[in-house]
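*Asks:* what would the 3D arrangement of this be:
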Amino acid sequence: MQALVAGISAELLLNGVVAGKVTVQGINDSWGHGLFEPAPGFTRFAPLFGSWSLLMHADEDSEKLSDDLAEELRTIESTMAGVRAAFRVAGQEELPLALVNIDGPLIEWKYA
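*Replies:* You can find the predicted model right below:
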């Protein structure tokens, strides 16, 4: 597998479906972040990541997320954790990911 460094582009696979293109912006220990361009295959995952994004920004003005929103966020994150995610660079073998967060055009991931 080609090393993922800033500037590299990779396909994001979610449950084996090409969900989009990721351009790596940076890597810090076991986490990475970059830009996300959705592909048609992302349509089935968009509601899940969209809900996560909305909840993450719901209480930005308060110091603590309300209990109801925190519970809803836990449920969504549990579902997100069940999505099998991987990167594929230039047709090479898949690089499995432990976690992916997509927030509009931004993406962050944790390596498996």
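*Asks:* point out where this protein drops to low pLDDT.
*Replies:* Of all residues in the chain, those with pLDDT under 70 make up the ranges 1-3, 59-64.
*Asks:* can you give me the helices in it?
*Replies:* Taking DSSP state H to define them, one finds helices in the chain at 46-56, 67-81.
*Asks:* most neighbours per residue, which of those?
*Replies:* Each of these was assessed for mean neighbour count using mean count of other C-beta atoms under 10 Å. The highest is helix 46-56, with a mean of 16. Yep, even glycine has a C-beta here, placed from its N, CA and C like the rest.
*Asks:* name the residues that touch that helix?
*Replies:* Counting by C-beta atoms under 8 Å, 6 or more residues apart in numbering, the neighbours of helix 46-56 from elsewhere in the structure are 38, 65, 69, 72-73, 76-77, 79-80, 83, 101-104.
*Asks:* that helix vs helix 67-81, what angle?
*Replies:* Counting by axes from the mean of the first three to the mean of the last three C-alpha atoms, to 10 degrees, helix 46-56 points 140 degrees away from the direction of helix 67-81.
*Asks:* next one: helix 46-56 to chain centre, how far?
*Replies:* Helix 46-56 has its C-alpha centroid displaced from the chain centroid by 11 Å (C-alpha atoms, centre = their mean, to the nearest Å).
*Asks:* need the CA coordinates for that helix. CSV is fine.
*Replies:* As requested, the backbone C-alpha atoms of helix 46-56 are provided in CSV (Å, rounded to 0.1, in the frame of the first residue of the first chain):
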residue,chain,number,x,y,z
ALA,A,46,-25.3,10.6,3.3
PRO,A,47,-28.2,10.6,5.8
LEU,A,48,-26.1,8.9,8.4
PHE,A,49,-23.1,11.3,8.1
GLY,A,50,-25.4,14.3,7.6
SER,A,51,-27.2,13.5,10.9
TRP,A,52,-23.9,13.1,12.7
SER,A,53,-22.7,16.5,11.3
LEU,A,54,-25.9,18.2,12.3
LEU,A,55,-25.7,16.9,15.9
MET,A,56,-22.0,17.7,16.2
